[in-house]
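K.L.:
With the input below, show me the fold.
(4 chains)
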Protein chains: 2
Amino acid sequence: MALSAPRPARRDPDDLCEVKVTDLGRVRRVRRLLKPEPAVLLLAETFRTLGDPSRLRIVHALALQELCVCDIAAAVGMSQSAVSHSLRALRQLRLVRSRRDGKTTYYRLDDAHIGRLLADGFEHVEEQL
Amino acid sequence: MALSAPRPARRDPDDLCEVKVTDLGRVRRVRRLLKPEPAVLLLAETFRTLGDPSRLRIVHALALQELCVCDIAAAVGMSQSAVSHSLRALRQLRLVRSRRDGKTTYYRLDDAHIGRLLADGFEHVEEQL
DNA sequence: GCATCATATGAACACCTGTTCATGTGAGCC
DNA sequence: GGCTCACATGAACAGGTGTTCATATGATGC
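P.N.:
You can find the predicted model right below:
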């Protein structure tokens, strides 16, 4: 899950590809305002990581309460191994951070943005349920 | 079999999976506060849908400007077919909505939450670049 | 009617993902 | 030391995913 792997590496900024364009002015303006690729790729990976129900439950639980690994497993109903694998992915994207206390490791959200992201997201989906 | 099989009742609502729990009080509280499954699943699918770089670029472009399909393709550098497939996924999750004008179909974000979600997300990732 | 344009969709393929199982690691305690 | 606990990690498999190619749809204009 290396985010620094520029896999589809092409996309020349001035090559509009061979598609017929309806409003070239709009297209040019949008292309000028788009965030740079690294930000887009990192955000996509962040969303994709939150896009797994198990990892989302973990993040959601940690938004409510700092927890150790085995308590996360109990709270969301997963095996310890699966939780640990998920936590690594979340850590690598700086969505959660860990703190050691003796033998046990406690996890919590990395910063306040994550909580807001979750809140916005739930607000959105709860309108269509 | 008559009556008294002295077995503790299995499937206590607080006993999910056989993991050893460190702080049962915390676990119980978190489980009580977790959003219901349908909301979690729908939000996960929403995040997953935004978690593809191509779809994220499309949503990002539409956050800047209403666009028709071919202009989206030109703006983000994808084929018309790929854009159309992506738009269907985005439509089904109510992330974008369409409007017809003659032969062309214009797309824009479905509501303001999506824009906020994007803004929060970019704010988060731009701190670690 | 027919041709064309803008978009949508189906099938198929290579690629990626999350879980389980087994095992490794490293701290605390006797 | 040796043991256990809490967690991390590697391998491997089933299932899912996004793209391309070819084709379909539906609206416009002749």
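K.L.:
what about chain A, any weak spots by pLDDT?
P.N.:
Confidence mapping of chain A against pLDDT under 70 gives the ranges A:1-19.
K.L.:
OK, contacts around A:H113?
P.N.:
B:120, B:123-124, B:127 (Cβ atoms under 8 Å, 6 or more residues apart in numbering or on different chains). C-betas here are computed from N, CA, C, even on glycine.
K.L.:
ok, now A:S54?
P.N.:
Neighbour list for A:S54: A:76, A:78, A:82, A:86 [criterion: Cβ under 8 Å, 6+ apart].
K.L.:
near DNA strand C, which of these show up?
P.N.:
Residues of the contacts of A:S54 in contact with DNA strand C (Cβ under 7 Å from any atom of the strand): A:78, A:82, A:86.
K.L.:
can you list the residues of chain A near DNA strand C?
P.N.:
Applying Cβ under 7 Å from any atom of the strand, we find that chain A lies next to DNA strand C at A:1, A:7, A:20, A:22, A:48-49, A:52-55, A:78-79, A:81-82, A:85-86, A:89, A:102-103.
K.L.:
hmm, back to that, now, the most widely separated pair of the contacts of A:H113?
P.N.:
For these, the farthest-apart pair by Cβ to Cβ is B:D120 and B:E127; their separation is 11.6 Å.
K.L.:
Mind checking which of the residues of chain A next to DNA strand C land in helices?
P.N.:
Counting by DSSP state H, the residues of chain A next to DNA strand C place A:48-49, A:53-55, A:81-82, A:85-86, A:89 in helices.
K.L.:
Can you flag the buried ones in the residues you listed?
P.N.:
Among those, those buried by neighbour count (16 or more other Cβ atoms under 10 Å in any protein chain shown) are A:48-49, A:53-55, A:86, A:89.
K.L.:
Assign a three-state SS to A:R116, would you?
P.N.:
On the three-state scheme (DSSP: H, G, I helix; E, B strand; the rest coil), A:R116 is labelled helix.
K.L.:
tell me the contacts of it?
P.N.:
B:D120.
K.L.:
Spatially nearest residue to the most centrally placed residue in chain A (excluding sequence neighbours)?
P.N.:
Central residue of chain A (Cα atoms, centre = their mean): A:T46, 2.2 Å from the mean position. In space, and not counting its chain neighbours, A:T46 is closest to A:L93: 5.4 Å by Cβ to Cβ, 6 or more residues apart in numbering or on different chains.
K.L.:
before we move on, back to that, secondary structure element for the residue nearest to the centre of chain A?
P.N.:
Using DSSP states H and E, the element containing A:T46 is helix A:37-50.
K.L.:
Give the buried residues for that helix.
P.N.:
Buried residues in helix A:37-50, defined by neighbour count with 16+ other Cβ under 10 Å: A:39-50.
K.L.:
Just flag the most distant two among the ones in helices among the residues of chain A next to DNA strand C.
P.N.:
A:R48 and A:S81 (21.2 Å).
K.L.:
sorry, back to before: adding distance to chain B, write the contacts of A:S54 out as TSV.
P.N.:
Formatted as TSV, the contacts of A:S54 follow (distance: Cβ to the nearest Cβ, whole Å):
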residue	distance to chain B
A:V76	8
A:M78	7
A:A82	10
A:S86	12
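K.L.:
what's the closest of those to A:L64?
P.N.:
Comparing those against A:L64 with Cβ to Cβ places A:V76 closest, at 11.3 Å.
K.L.:
how about the residue nearest to the closest one when sequence neighbours are not counted, what does it touch?
P.N.:
The spatially closest residue to A:V76, leaving aside those adjacent along the chain, is A:R57, at 4.2 Å (Cβ to Cβ, 6+ apart). A:R57 makes contact with A:76, A:78, B:34, B:40, according to Cβ under 8 Å, 6+ apart.
K.L.:
ok, the second one to A:I72 distance?
P.N.:
Noted for A:M78: a distance of 8 Å to A:I72, by Cβ to Cβ, to the nearest Å.
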